[in-house]
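>>> no sequence for this one, just the structure:
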């Protein structure tokens with residue numbers, strides 16, 4: 001074999017190895033950039049979720065306070081009505097008890 005047909009194995013692998021090394025370095029940079037972008041998206045999503053949870057909590061507290069105030073007013077109004085008409089209230093309660101007991105006894109039969 002003459003020297004023209006014989007190839008140097010290092011001569012062919014060196015450019016390929018350099019290309020692979022460059023590709024790996026580029027891939028590492030792209031992956032790092034992707035991770036940084038994802039951190040930004042996740043941070044934004046977390047902030048958005050926290051804001052939504054805060055708004056939901058505030059709205060829930062407002063509704064709870066509103067319902068509590070309405071319930072207290074209803075209980076006071078019912079108490080006043082019972083004080084004004086005790087006999088009527090007693091008869092209504094007795095009738096509701098009788099009707100309720102009959103409905104329950106029919107279910108059991």
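That came through fine. For clarity, every value in this text was computed on a predicted model and none was experimentally measured.
>>> For this structure, which element, helix or strand, carries the lowest mean pLDDT?
Least confident helix or strand, the chain: helix 9-84 with a mean of 87, by mean pLDDT, DSSP states H and E.
>>> I'd like the next helix or strand past that helix.
helix 86-108 (DSSP states H and E).
>>> what pLDDT, on average, does that following helix get?
Over the span of helix 86-108, the pLDDT mean works out to 90.
>>> tilt between it and helix 9-84?
If you take axes from the mean of the first three to the mean of the last three C-alpha atoms, to 10 degrees, helix 86-108 sits at 130 degrees to helix 9-84.
>>> Show residues contacting helix 86-108.
81, 82 (C-beta atoms under 8 Å, 6 or more residues apart in numbering). (Glycine included, C-beta is placed from N, CA and C.)
>>> how does it look with 10 Å?
78, 81, 82, 83, 85 (C-beta atoms under 10 Å, 6 or more residues apart in numbering).
>>> Neighbour-wise, give me the winner out of those.
Highest neighbour count within the contacts of helix 86-108: residue 82, with 14 neighbours (other C-beta atoms under 10 Å).
>>> ok, and the closest non-adjacent residue to that one?
In this structure, residue 82 finds its nearest non-sequential neighbour in residue 89, 4.4 Å apart by C-beta to C-beta, 6 or more residues apart in numbering.
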